[in-house]
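Enquirer: predicted model follows, preceded by the sequence.
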Amino acid sequence: MKRREFCAGVMAAMGLTRPRLRESAVAQNAAGFPNVPGLTRYVSEFIVNTRYEDIPENVLALGRKSILDGFGLALAGSVSEMGPLVREYVGRFTNSTGRASIIGSEMKVPARFAALANGIFIHADDYDDTQLSVAPDRVYGLLTHPTVTVLPPAFALAEVNKYTGRELTAAYHVGVEVECKIAEAISPRHYGEGFHTTGTIGSFGSAAACARLMRLNPRQTANVIGIVAAEAGGLRNNFGSMTKPFHAGHAAENGVVAADFAAMGWTASEEILEAKNGFFNAAGGTFDPAAIMNRLGKPWTFADPGVSIKPFPSGSLTHPAMGEMLKLVRDNNLKPGDVEKVDMGGNSGMMNALLHHRPANALQAKFSMEFCMAILLLDRKAGLQEFTDAVVRRPDVQELLRRVNFYVNDDSEKAGLNKMTSILKIHLKGGRTVTGRAEFAKGHPSNPMSYDEEADKFRGCAEFAKWQAAKAESVIQTVKALDSAPDVSKLSAALTR
């Protein structure tokens, strides 16, 4: 039996059939690959023709929080272990024509290299926002990280071309919307069999924002999509290494390159999404037309199902459990020495992604439920300072994480992969147990962060980067009023030395 047939049988046994929205796609796929002529053209026309005024105010407000989040994470990521390596690489391309900023430095480079560097920085700590899922066969929070691939190229082009804050905002939202709808449409096989969607599908978000800011026409934009489909890449086996953030930065860079080529007249397939030998078929085997055709902006993904902002710098799948563990620790005044064992039950999607059960460094710890549970028991916090190699290697951390049993829980599995049902049972010495259950974390649309709460997260990132407080406050206030800014020069000054 082939792997995908086995997985399909398991999902059927679990009752994870697709909701009514997807029945048409399933029926089409039974007879063959979905026939949806004009899909790439439809996406291209949305990119070109959407007006700023078409974006609802609540969506604009949600976007401002994610934009601020992205800039803060770029500052924090600039002082990660990847920072010097990235600056060494892009420094080779510094020249008199470079006008796009490397955040956290004084470097100016061509737009593509700024997008690469700032994209890597935003994803360096795995602390960036995540698209939510609507279907039970989609792993919660793991469709794509939308801001990291769209904001860096859009910001770079806005700097270079002196675009207004409104133009930057509109391009950002168009890019996020295209990226998220493509991620929702592609078959779950894409992620399940090893692709990292932020690197693959994130490239389309970058391309959409760049095509719009470069004011390309629909046909040129279709070529941008065709070019970027050939650039898109990212594999989940790289989770826990520097190459996971590289996926994100490369996707951010891809859109600039694709738009530059298309603007010169470079051609590509103008039906790359829907073609039998195109992206959806090659990378996913099939797709759901009902999730994307005539669905862009109807509703906007920021509005429904939403985008989640992370409360901890680790894989989003850990966050409901982390929030519940922190609550249990504080409410019951739990001490590490009192704990015999921790049972943390989740679903198989969580188990597949959180693959580092005995992490040896900070990058691996971000994908380790065992570390996340242990550090909250020990330190009662899990921020940027805790996700460092030195903390992960502490003897008390390594000893305690071995007392965490992370397993697939039947109730969590039945709830669906699009939920992160986390069931905790803490066994204390003497026989007493403390239990808890969580579905969502702070920052989820059901428990959102306010702009002021996001501003506090931004301040924490800036402080971690030892950034000047006055500059940090300038970013917070400028993003809050970004749509009325005549250009992005204030942001550039506040985010660079």
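Expert: Yes, it's here. Numbers count the residues shown, from 1 in each chain.

Enquirer: state the distance from the residue most central in space within the chain to residue 70.
Expert: Closest to where the C-alpha atoms of the chain average out (C-alpha atoms, centre = their mean) is residue 145, at 1.3 Å. Applying C-beta to C-beta, to the nearest Å, the value for residue 145 to residue 70 is 10 Å. Any C-beta I mention is one placed from the backbone N, CA and C, and that applies to glycine too.

Enquirer: any common contacting residues for the two?
Expert: By C-beta atoms under 8 Å, 6 or more residues apart in numbering, residue 145 and residue 70 have these common neighbours: 128-129.

Enquirer: give me the number of residues near the nearest residue to residue 46 once chain neighbours are set aside?
Expert: Spatial nearest neighbour of residue 46, excluding adjacent residues (C-beta to C-beta, 6 or more residues apart in numbering): residue 296 at 4.5 Å. If you count neighbours by other C-beta atoms under 10 Å, residue 296 ends up with 22.

Enquirer: residue 296 contacts residue 177, correct?
Expert: Yes - Residue 296 lies in contact with residue 177 (C-beta atoms under 8 Å); the separation is 5.7 Å.

Enquirer: next, show the common contact partners of those two.
Expert: Going by C-beta under 8 Å, 6+ apart, residues that sit against residue 296 and also against residue 177 are residue 46.

Enquirer: how about the contacts made by residue 171?
Expert: So residue 171 contacts 154, 157-158, 208-210, 212-213 (C-beta under 8 Å, 6+ apart).

Enquirer: before we move on, the earlier item: where does the residue nearest to residue 46 sit: helix, strand or coil?
Expert: Secondary structure state of residue 296, per DSSP: H, G, I helix; E, B strand; the rest coil, is coil.

Enquirer: contact partners for it?
Expert: 42-43, 46, 177-178, 181.

Enquirer: same deal with residue 380?
Expert: Going by C-beta under 8 Å, 6+ apart, residue 380 touches 326, 329-330.

Enquirer: let's see it at 6 Å
Expert: Going by C-beta atoms under 6 Å, 6 or more residues apart in numbering, residue 380 touches residue 329.

Enquirer: so for it, what's the pLDDT?
Expert: Looking at residue 380, its pLDDT is 97.

Enquirer: measure it to residue 449 for me?
Expert: As judged by C-beta to C-beta, residue 380 and residue 449 stand 20 Å apart.

Enquirer: returning to what we had before: which pair of the contacts of residue 171 spans the longest distance?
Expert: Spatially, the most separated pair among those is 158 and 208, at 14.9 Å (C-beta to C-beta).

Enquirer: doesn't residue 375 belong to a strand?
Expert: No - read with three-state DSSP, residue 375 is helix and lies in no strand.

Enquirer: isn't it up against residue 385?
Expert: No - Residue 375 is not in contact with residue 385 according to C-beta atoms under 6 Å; the separation is 10.5 Å.

Enquirer: can you give me the buried ones in the helix or strand that contains residue 470?
Expert: Using DSSP states H and E, residue 470 sits in helix 469-480. Buried residues in helix 469-480, defined by neighbour count with 16 or more other C-beta atoms under 10 Å: 472, 474-476, 478-480.

Enquirer: for the residue lying farthest from the centre of the chain, helix, strand, or coil?
Expert: What lies farthest from the middle of the chain is residue 430; by C-alpha atoms, centre = their mean that is 42.5 Å. Per three-state DSSP, the local secondary structure of residue 430 is coil.

Enquirer: who are the contact partners of it?
Expert: Going by C-beta under 6 Å, 6+ apart, residue 430 touches no other residue.

Enquirer: any idea how far it is from residue 373?
Expert: For residue 430, the distance to residue 373 - C-beta to C-beta - is 20 Å.

Enquirer: also residue 35?
Expert: 48 Å.

Enquirer: neighbour count for those two, which is higher?
Expert: Taking neighbours as other C-beta under 10 Å, residue 35 and residue 373 compare with residue 373 leading, 28 against 10.

Enquirer: the more buried one touches residue 342, doesn't it?
Expert: Yes - using C-beta under 6 Å, residue 373 makes contact with residue 342 at a distance of 5.4 Å.

Enquirer: shared neighbours, these two?
Expert: residue 404.

Enquirer: which of the contacts of residue 296 sit farthest apart?
Expert: Using C-beta to C-beta, the two most remote members of these are 42 and 177, lying 12.7 Å apart.

Enquirer: between the two, which one's more packed in?
Expert: Neighbours per residue (other C-beta under 10 Å) separate residue 42 from residue 177, with residue 177 holding more: 28 against 20.

Enquirer: in which helix or strand does that one reside?
Expert: Using DSSP H and E, residue 177 falls in helix 165-185.

Enquirer: residue 460 now?
Expert: Counting by DSSP H and E, the element that carries residue 460 is helix 451-464.

Enquirer: could you do residue 299 as well?
Expert: Applying DSSP H and E as the criterion places residue 299 outside every helix and strand.

Enquirer: dihedrals phi and psi, it?
Expert: Dihedral angles phi and psi of residue 299 (degrees, to the nearest 10) take the values phi -90, psi 170.

Enquirer: confidence score at it?
Expert: pLDDT at residue 299 comes out at 97.

Enquirer: which stretches of this structure have low pLDDT?
Expert: When residues are selected by pLDDT under 70, those of the chain lie in 1-31, 136-137, 139-142.
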